[in-house]
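Student: Give me coordinates for this.
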Amino acid sequence: MPSRKPHPPSQEQNLGGPILHQVSQGALHDRVYVELRRALMAGAFAPGTKFTLQSLAKAVGTSVMPVRDALRRLVAEHALDVLPNRMVAIPVLTAERLGEIRDIRLALESMAAALAVVHISDREVKDLISIYELMKAQHDSPGADFLALNQGFHFTIYRSASRPILLAMIETLWLQTGPWLSDAVHGRGGRLELQHHQFAIVALTERNSKAASRAVAAAIISASNLMAGITQSRGPVSSGLRESADKDAKPTA
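Tutor: Numbering: from 1, shown residues only. Modelled structure (predicted):
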């Protein structure tokens, strides 16, 4: 069964402003690639958004060549699709594909959270608290940086696990889900359940690896419910699984 739906007709997105940042000179190929990855993981684009090489080059302030190289790498990571008219687009995924990504994220990110308990510093825990407070202040009316804060929260945990291969695998999955979470939160008014972030902070502070894994898993399932709710071929994750994750995520004394 195909895992992706045809791209609906859409206008090319305006890439100015906070969506993409112009990159500085030096190692341009890598800098453009990193900037596009950042924007994708933070949910800067909606599913189905189309781009030309020229529009992306203008947005990041470079020639077409480093943009072409970055797009080639992102296509290989399944973050973008190449269209017949030489444009590229954010993939429009089926719910089955999103479900597969969710299951892999549950395995990898729960592992990273458990490893983070051993390595995370007090400074990083303080950073998590600061990010959580910023997200909580925006919860009822998420600002443009809300999902970037969410990404920063999760990857503060994952980077502290000190497993670069694991981190790279997680980033590849976020490249594919970032646009969908953006559509759910900014496009359709969905709300992330921030109590899982709070449970993760408590678990990491108490050095409780099982509770940290469960809190991260519950956050993934909550976000996946929002994303699955905007697809047509399957509904959200079952409420039984969601309730189980919510219960397991709460730190125990």
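Student: Please tell me how far Gly178 sits from Leu115.
Tutor: 23 Å (C-beta to C-beta, to the nearest Å). Just so you know, the C-beta spots here come from the backbone N, C-alpha and C atoms, and that holds for glycine as well.
Student: and what of Thr177?
Tutor: Computed as C-beta to C-beta, the Thr177 to Leu115 distance reads 21 Å.
Student: Which one's more surrounded, Gly178 and Leu115?
Tutor: Comparing Gly178 with Leu115 by other C-beta atoms under 10 Å, the one with more neighbours is Gly178, at 26 against 20.
Student: The host helix or strand of that one: which residues count as buried?
Tutor: Element membership of Gly178, judged by DSSP states H and E, is helix 164-182. Buried residues in helix 164-182, counted by 16 or more other C-beta atoms under 10 Å: 166-167, 169-182.
Student: so where's the stretch 101-250 of the chain uncertain?
Tutor: With pLDDT under 70 as the threshold, the stretch 101-250 of the chain has low-confidence stretches at 230-250.
Student: Would you agree Val67 is in contact with Ser55?
Tutor: No - contact between Val67 and Ser55 fails when scored by C-beta atoms under 8 Å: they sit 9.3 Å apart.
Student: Would you mind finding the longest helix in this protein?
Tutor: With residue count as the measure and DSSP state H as the assignment, the chain has helix 95-119 as its longest helix.
Student: so that one versus helix 164-182, what angle?
Tutor: With axes from the mean of the first three to the mean of the last three C-alpha atoms, to 10 degrees applied, the angle from helix 95-119 to helix 164-182 works out at 130 degrees.
Student: For helix 95-119, what is the distance to the chain centroid?
Tutor: Average the C-alpha atoms of helix 95-119, do the same for its chain, and the two points are 12 Å apart (C-alpha atoms, centre = their mean, to the nearest Å).
Student: Who are the packing partners of the helix or strand just after it?
Tutor: Downstream of helix 95-119, the first helix or strand assigned by DSSP H and E is helix 122-138. Helix 122-138 makes packing contacts with helix 146-160, helix 195-205 when contacts are defined by 3 or more C-beta pairs under 8 Å, 6 or more residues apart in numbering; DSSP states H and E.
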